[in-house]
Structures are given as structure tokens and as C-alpha cells.
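Undergrad: return atomic coordinates for the entry below.
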Amino acid sequence: MNAYKNASFAGIVIFIGGIIITIYGFSFLLKQSNLESNGIIVKGTVIDIAEKDFYRSPIVQFTTKENQTFTFRSELDVNQDLFHYVIGQEVDVIYHKDDPSNAKIHAFWEGNVAQLYLGILGIFLMVFGFLFRRGMLKKAKKYEQQ
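TA: From the prediction side, this is the model:
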């Protein structure tokens, strides 16, 4: 067996890694879908801003329909140049009716960035792994014909 054929197995590993990442991204989609279908939208207030290196994340406090107060930190860390939240800003919050601690800012990027990022990365890896494997097998075939 030549080296090109051996190297082609890396394409399989990359392809499988892409599948795993895509499935992981799909799990975020399912969580978001569950939150959207069982969620209650209320107003919340940005009470603080968490800072980590060049990234910012709002800390939001909201009150449920049952008058319980919850605080959460947004899962989306945003580059400081793109960050647009300020302390005291009112935002829409969606929380799960059965678990108010499961809450997010109700905005497109807040709810969809994980599945979009992981889905695109996973598909890219699957395509790259497939093309890499195919390219290495073509080179292996040429090598064996010589």
C-alpha cells in the first residue's frame, strides 16, 4: 500500500469529525427550537457587562410572569468592536416556561450563532474530508500505475 492511500484515510477521519461537529450543532438547534416553542418573552435589563480579553458579554436580569427574578450571562461573547449592549439597556428575554433559568436574549445572533457556526464548520469539514480522500486515492492510483 502506498503513502497516498494511507494518507487518504485522514480524509475519512476529517469527514467523520465533520459529521460529529454537525450533529453537535444540530443539538443546539434542537435546544433553541424547544426554547422558542415553550418560551415566554419578557423584558430584561442589562445590569452588567462581563469582559474577557477583547470580548464582551451582557449580564441580564429579568422577572418572570410569576414575579421571580433571574440573572444570566449571555452565552455569546462578542468582540468589543461589535458589542452594542450598555448597562441599563432593556432587551427582550426568552425563558423556558418550565425552567426560567434556561433563558437567553431573544435576538437572532444570540439564539442561532452556535448552530450556524458548528453547522457550517461541520459541512466544510465533511466536504474537505471527502475531497481530500478522493484526491489522495487518485494520486495513489496514478502511483500504482507507474
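
Undergrad: other SSEs contacting the helix or strand hosting M136?
TA: Using DSSP states H and E, the element containing M136 is helix 108-145. Secondary-structure packing of helix 108-145 (3 or more Cβ pairs under 8 Å, 6 or more residues apart in numbering; DSSP states H and E): helix 3-38. Placement of C-beta: from N, CA and C, glycine included.

Undergrad: after the helix it packs on, which helix or strand is next?
TA: Next along from helix 3-38, by DSSP H and E: strand 39-52.

Undergrad: if you count neighbours, what's buried in that following strand?
TA: Residues of strand 39-52 classed as buried by neighbour count (16 or more other Cβ atoms under 10 Å): G39, V42, G44, T45, V46, I49.

Undergrad: looking at these, which is nearest D98?
TA: G39 (10.2 Å; Cβ to Cβ).

Undergrad: ok, and the helix or strand in the chain with the lowest average confidence?
TA: Between all helices and strands in the chain, the lowest mean by mean pLDDT, DSSP states H and E belongs to strand 78-79, at a mean of 84.

Undergrad: would you give the sheet partners of it, along with the direction of each?
TA: In the sheet, strand 78-79 lines up against strand 55-63 (antiparallel) (DSSP bridges).

Undergrad: can you list contacts of the partner strand?
TA: 42-50, 69-80, 83, 85, 89, 91, 93, 95, 103, 105 (Cβ atoms under 8 Å, 6 or more residues apart in numbering).

Undergrad: tell me the contacts of the residue at minimal distance from the centre of the chain?
TA: In the chain, the C-alpha nearest the mean C-alpha coordinate belongs to A114, at 1.3 Å (Cα atoms, centre = their mean). Counting by Cβ under 8 Å, 6+ apart, A114 touches G25, F28, E75.

Undergrad: any idea how far H84 lies from F70?
TA: Distance, H84 to F70, by Cβ to Cβ, to the nearest Å: 23 Å.

Undergrad: who has more neighbours, these two?
TA: Set H84 next to F70 and count neighbours by other Cβ atoms under 10 Å: F70 wins out with 16 against 8.

Undergrad: sheet partners, orientation included, of the helix or strand hosting the more buried one?
TA: In this assignment (DSSP H and E), F70 forms part of strand 69-73. Each strand paired with strand 69-73, and its direction, by DSSP bridges: strand 55-63 (antiparallel).
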